[in-house]
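Asks: prediction below, plus the sequence it came from.
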Amino acid sequence: MNRSVLLTFFVLFFLALSLNAQEPESSAKVKKPHSPHKATIYSAILPGLGQAYNRKYWKVPVVYAGIGTIYYFASTNGKMYRKAREAYNYVSSESDYPIDNDFVDKYTAQDLQTIRDYYRRNMELSWVVMGLWYVVNIIDATVDAHFFDYDISEDLSLRVEPIITHDQLFGEIPHSYAGMQAGLSIKIKF
């Protein structure tokens with residue numbers, strides 16, 4: 001009984017190996033289509049991830065350089081806005097409590113209000129630009145994904161040739177330029 005079970009096990013084992021070794025024709029490597037939807041979602045979740053999915057790795061540092069630059073300006077303008085706001089609030093309240101602020105002794109309340117509004121506007125504009133950069137990142141990943149499988153064939157061509165035609169209005173007049181027309185012929189082959 002043990003021999004028959006063991007023999008059956010080996011026969012089934014080698015049969016399974018032989019079936020796995022043969023690849024059916026229908027399961028040949030099928031290239032999965034590149035998904036613009038995935039690229040969009042990836043880029044929306046983490047900026048630059050859609051570009052990496054599209055194998056445009058050189059764009060990832062560009063995305064993060066833009067984010068870093070915009071964040072730097074938003075942060076700097078935010079700090080200056082808070083400093084100008086603090087100085088304006090101090091000067092307008094005419095408090096005797098000393099504060100450590102460069103703007104207090106240099107500017108009037110009117111000037112501090114103008115400076116405060118300037119830095120607030122620049123800070124808010126920086127955050128708006130950050131949002132636009134985020135949207136551009138998503139749009140770039142989506143467009144790249146749409147063109148990922150786009151095949152540029154060697155048969156694409158554009159030919160521009162000069163042409164000379166003879167106008168049949170004047171009939172057959174040998175050695176005469178009457179009725180001849182010059183032009184350009186544009187032929188697109190794809």
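Replies: Now that the structure is in, tell me what you want to look at. Here the structure is a predicted model, which means the values were calculated and not measured.
Asks: domains of this protein?
Replies: 36-146, 157-189 (automatic domain parsing).
Asks: low-confidence ranges in this protein?
Replies: Along the chain, the parts satisfying pLDDT under 70 run over 1-28, 95-98, 151-156, 166-180, 190.
Asks: try it again at 50.
Replies: Residue ranges of the chain with pLDDT under 50: 13-17, 19-22.
Asks: can you redo the domains of the chain as JSON lines with distance to K29 and mean neighbour count?
Replies: In this view, the C-beta of every residue, glycine as well, is placed from N, C-alpha and C. Below are the domains of the chain laid out as JSON lines (distance: least, C-beta to C-beta, whole Å; neighbours: other C-beta atoms under 10 Å):
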{"stretch": "domain 36-146", "distance to K29": "18", "mean neighbour count": "16"}
{"stretch": "domain 157-189", "distance to K29": "32", "mean neighbour count": "9"}
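Asks: save these as a markdown table, and put in distance to V30 too.
Replies: Shown next, in a markdown table, are these (distance: least, C-beta to C-beta, whole Å):
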| stretch | distance to V30 |
| --- | --- |
| domain 36-146 | 17 |
| domain 157-189 | 31 |
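Asks: could I get the contacting residues of Y134?
Replies: Residues in contact with Y134 (C-beta atoms under 8 Å, 6 or more residues apart in numbering) are P47.
Asks: over to D102?
Replies: K83.
Asks: that's a helix at S43, yeah?
Replies: Yes - applying DSSP: H, G, I helix; E, B strand; the rest coil, one finds S43 inside a helix.
Asks: in this structure it contacts D144, no?
Replies: No - assessed by C-beta atoms under 8 Å, S43 is found out of contact with D144, at 9.6 Å.
Asks: next, the closest residue to M80 other than its chain neighbours: phi, psi?
Replies: Sequence neighbours aside, Y119 is the residue nearest to M80 in space, at 4.4 Å (criterion: C-beta to C-beta, 6 or more residues apart in numbering). Main-chain dihedrals, Y119, degrees, to the nearest 10: phi -70, psi -30.
Asks: and the residue nearest the centre of the protein?
Replies: D140 (2.2 Å; C-alpha atoms, centre = their mean).
Asks: can you pull out the strands in the protein?
Replies: Per DSSP state E, the chain carries strands over the ranges 157-166, 180-189.
Asks: with distance to V63 added, can I get those strands in JSON lines?
Replies: Below are the strands of the chain laid out as JSON lines (distance: least, C-beta to C-beta, whole Å):
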{"stretch": "strand 157-166", "distance to V63": "34"}
{"stretch": "strand 180-189", "distance to V63": "36"}
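Asks: which of those sits closest to A109?
Replies: strand 157-166 (67.2 Å; C-beta to C-beta).
Asks: quick one: strands adjacent to that closest one?
Replies: Partner strands for strand 157-166, per DSSP bridges, with pairing direction: strand 180-189 (antiparallel).
Asks: circling back to that earlier point, give me the common contacts of S43 and D144.
Replies: Shared contacts of S43 and D144, defined by C-beta under 8 Å, 6+ apart, are found at 50-51.
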